[in-house]
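J.: Okay, structure incoming, though there's no sequence with it:
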């Protein structure tokens, strides 16, 4: 990824419609694909359901690796989704923003890491607040 | 019904979304070049720190960790503002931004109690989707909506949403408690004249005779009084009207007497002004260039020249405007002064769509002006999609004195890939 170009807000860029190839030149035959013109697949459309509520964050740390979240990955976070157990959450814990999995254990809610070295954070009686729900993780390979 | 949705301490709130440690502590946002405080959190207001306090006066408190100051991050505030706008558009197709943190939303065809419900949903949804806390004022007119919004902000029992129906006891109570100078469109001077005539509160203004107001003051004031009475008579278009002049100016990071610095700053401001001019589709007839030395340095020679140069014909073309601004600058600039600020103002604007070339004068020929227009359109669209200043006239030097001084700049979390918020796992 070229880091020097600004990220265009997700709302501003959908992929364009492909040019409709109705006829080839003046007297050619109508294209057989004419009746099947479709929008090209667009990742924005698939991953960004609520552009106003969608934020991109980047990851540091190794405590979520077993759940497929590695350092430097890109998180697509949707604030409009109501959090449910099983979701990967971005949450504010003691003035810091962290990524954890929202789980209930024996009826009590916890924020858990995938790495057993980090103990679950109990949510009962804490001032922890949900920031958003992770909709997708993008891992880019160095090319 | 009209709703006014207003972000609470908007700039500070934008910063807090991405930095929760700023919550509950005194935070201020500084003007360009970290000059003075232009936005304050509730906690900073409570410390008695006024709007416009120079940053250097707060240095000791910042060092002791008693308060936090941030450089203004307009790219972030602009994006967060457009997110708020998008959320509002889910509630009504008719949303009009009035400033970066205030938006009018028109809720036609709803019952009064439905509007209160919608207001509550707006309040909750904007907060959840964007992280920005807002207050919602609802009323039959813009002027009352503004007062309702204020009431929502200051009276905690409204819980962020206040509806003034226009003819009920609640409206009367608010109007009686509102001094007339707090009414939208009533300035201090006018308030003094009104007070002399026995009109001290919004309620007294509402109860005044409309004809007398029109005769003794102005049509505008008569309209304001009717708006307070719940009769809409402000056209929303009044807010969208193109501005009559466009100003672009900025302080230098350090005082400079170098021609190259000053010239470069003026070239930059002229381009930015021309861009704004094209965005509102106006033409300018003249360019004003001004320079200021540092008023507070009594030991240094002072100079505040400003020179107006007429454009050869009304135009919105960058090169013409830059060339004319440079001509004005050559007249204004004197080498022995140390300048603190440079600015460009575009004057006598006319609407490009309605403008007719005069019979006399030197209009450019048609082919030339079409080429110019296409060039400017291409330039603007590239700068719009690729970011400000992707293409500019002239090269900025590396050591230029004019770029922003911003010592406490937060990241542009939502508009730059390399400035995303990092979250730890």
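T.: Perfect, I can see it now. Only a predicted model underlies this, so the values are computations on that prediction, with no experimental measurement involved.

J.: pLDDT score for residue 1?
T.: Answering for chain A, as no chain was given. You'll see residue A:1 listed with a pLDDT of 42.

J.: let's do chain B instead
T.: 92.

J.: do the same with the one 3 residues further on
T.: As predicted, residue B:4 sits at a pLDDT of 97.

J.: At the contact with chain A, which residues of the stretch 51-200 of chain B appear?
T.: B:79, B:82-84, B:86-87, B:128-131 (CB under 8 Å from any CB of the partner chain). C-beta: built from backbone N, CA, C; applies to glycine.

J.: Report pLDDT for the nearest residue to residue B:100 once chain neighbours are set aside.
T.: Distances taken as CB to CB, 6 or more residues apart in numbering or on different chains place residue B:81 nearest to residue B:100, at 4.9 Å, with adjacent residues excluded. Here, the pLDDT recorded for residue B:81 equals 92.

J.: What residues does residue B:81 make contact with?
T.: Residues near residue B:81 by CB atoms under 8 Å, 6 or more residues apart in numbering or on different chains: B:7, B:10, B:97, B:100-101.

J.: what sits opposite the residue most central in space within chain B in the beta ladder?
T.: Central residue of chain B (CA atoms, centre = their mean): residue B:99, 5.6 Å from the mean position. Under DSSP bridges, the beta-bridge partners of residue B:99 are residue B:102.

J.: and residue B:216, how far is that from residue B:182?
T.: For residue B:216, the distance to residue B:182 equals 21 Å [CB to CB, to the nearest Å].

J.: With adjacent residues omitted, what lies nearest to the residue nearest the centre of chain A?
T.: Residue closest to the mean C-alpha point of chain A, counted by CA atoms, centre = their mean, is residue A:76 at 2.2 Å. Spatial nearest neighbour of residue A:76, excluding adjacent residues (CB to CB, 6+ apart): residue A:136 at 4.4 Å.

J.: doesn't residue A:49 make contact with that neighbour?
T.: No: taking contacts as CB atoms under 8 Å, residue A:136 lies outside contact range of residue A:49: 10.6 Å.

J.: so the closest residue to residue A:88 other than its chain neighbours, which of the three states?
T.: Spatial nearest neighbour of residue A:88, excluding adjacent residues (CB to CB, 6+ apart): residue A:134 at 4.1 Å. Three-state assignment for residue A:134 (DSSP: H, G, I helix; E, B strand; the rest coil): strand.

J.: Run a quick neighbour tally on residue A:134.
T.: For residue A:134, the count of nearby residues is 23 (other CB atoms under 10 Å in any protein chain shown).

J.: same deal with residue B:367?
T.: So residue B:367, with other CB under 10 Å, has 8 neighbours.

J.: ok so, going back, so how far is residue B:6 from the residue nearest to the centre of chain B?
T.: From residue B:99 across to residue B:6, the span is 9 Å (CB to CB).

J.: re the thing from before, show me which pair in the contacts of residue B:81 is furthest apart.
T.: Distances among the contacts of residue B:81 were taken as CB to CB; the most separated pair is B:10 and B:97, at 12.2 Å.

J.: ok, those two, which is more surrounded?
T.: Neighbour comparison, residue B:10 and residue B:97: the larger count goes to residue B:10, with 22 against 17 (by other CB under 10 Å).

J.: residues contacting the more buried one?
T.: Taking CB under 8 Å, 6+ apart as the criterion, residue B:10 is in contact with B:39, B:77, B:80-81, B:100-101, B:132.

J.: Confirm that residue A:110 sits in a strand.
T.: Yes: counting by three-state DSSP, residue A:110 falls inside a strand.

J.: I'd say it and residue A:121 touch.
T.: Yes: counting by CB under 8 Å, a contact exists between residue A:110 and residue A:121, whose distance comes to 6.3 Å.

J.: Quick check on residue B:314: phi, psi?
T.: Main-chain dihedrals, residue B:314, degrees, to the nearest 10: phi -60, psi 130.

J.: Quick check, it in contact with residue B:351.
T.: No: using CB under 8 Å, residue B:314 makes no contact with residue B:351, being 10.1 Å away.

J.: any shared contact partners between the two?
T.: residue B:283.

J.: of the two, who's got more company?
T.: Legend: neighbour count by other CB under 10 Å for residue B:314 and residue B:351, higher for residue B:314 (20 against 12).

J.: thinking again about what came up before, ok, the residue nearest to residue A:88 - contacts?
T.: A:75-78, A:87-90, A:99.

J.: Could you single out the nearest of the residues you listed to chain B?
T.: residue A:99 (5.0 Å; CB to the nearest CB).

J.: can you pull the buried residues of stretch A:90-102?
T.: Within stretch A:90-102, the residues scored as buried using 16 or more other CB atoms under 10 Å in any protein chain shown are A:90-93, A:97-102.

J.: picking that back up, lowest-confidence one in the contacts of residue B:10?
T.: Minimum pLDDT for the contacts of residue B:10 is recorded at residue B:100 (83).

J.: if I look at it, how far off is residue B:148?
T.: Where residue B:148 is concerned, residue B:100 sits at a distance of 21 Å (CB to CB).

J.: who has more neighbours, those two?
T.: residue B:148 (30 against 17).

J.: Show the model's pLDDT score for residue 7.
T.: No chain specified, so I'll use chain A. So, for residue A:7, pLDDT stands at 47.

J.: wrong one, I was asking about chain B
T.: So residue B:7 comes in at 95 (pLDDT).

J.: same deal with residue B:199?
T.: We have a pLDDT of 93 for residue B:199.

J.: pretty sure it contacts residue B:209?
T.: No: at 11.0 Å, residue B:199 and residue B:209 do not qualify as touching, with contact defined as CB under 8 Å.

J.: Look at those two and report which has more neighbours.
T.: Between residue B:199 and residue B:209, residue B:199 has the larger neighbour count (other CB under 10 Å), namely 22 against 11.

J.: Name the nearest residue to the more buried one, ignoring sequence neighbours.
T.: Counting by CB to CB, 6+ apart, the residue nearest residue B:199 is residue B:205, at 5.3 Å.

J.: which is the next helix or strand following the least confident helix or strand in chain B by mean pLDDT?
T.: Using mean pLDDT, DSSP states H and E, helix B:237-240 stands out as the lowest-scoring helix or strand of chain B, at a mean of 52. The helix or strand immediately downstream of helix B:237-240 is strand B:246-256, counting by DSSP states H and E.

J.: ok, residues contacting that next one?
T.: Under the contact criterion CB under 8 Å, 6+ apart, strand B:246-256 has outside partners B:32-33, B:35, B:261-262, B:265, B:269-270, B:272-273, B:276-277, B:284, B:290, B:293-294, B:297, B:338-346, B:349, B:401-405.

J.: One more: stretch B:172-186?
T.: Contacts of stretch B:172-186 (CB under 8 Å, 6+ apart): B:142-143, B:146-148, B:150-151, B:164, B:187-188, B:190-191, B:194-195, B:199-206, B:220-221, B:224, B:228.

J.: Filter these down to the buried ones, ChimeraX style.
T.: Entered in ChimeraX, the line below selects the buried ones among these, by 16+ other CB under 10 Å:
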select /B:142,143,146,147,148,150,151,164,190,191,194,199,201,202,203,204,205,206,221,224,228
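
J.: Just the ones in helices from the contacts of stretch B:172-186, please.
T.: B:142-143, B:146-148, B:150-151, B:188, B:190-191, B:194-195, B:202-206, B:220-221, B:224, B:228 (DSSP state H).

J.: re earlier: which residues does the residue nearest to residue A:76 contact?
T.: If you count contacts by CB under 8 Å, 6+ apart, residue A:136 has them with A:47, A:75-76.
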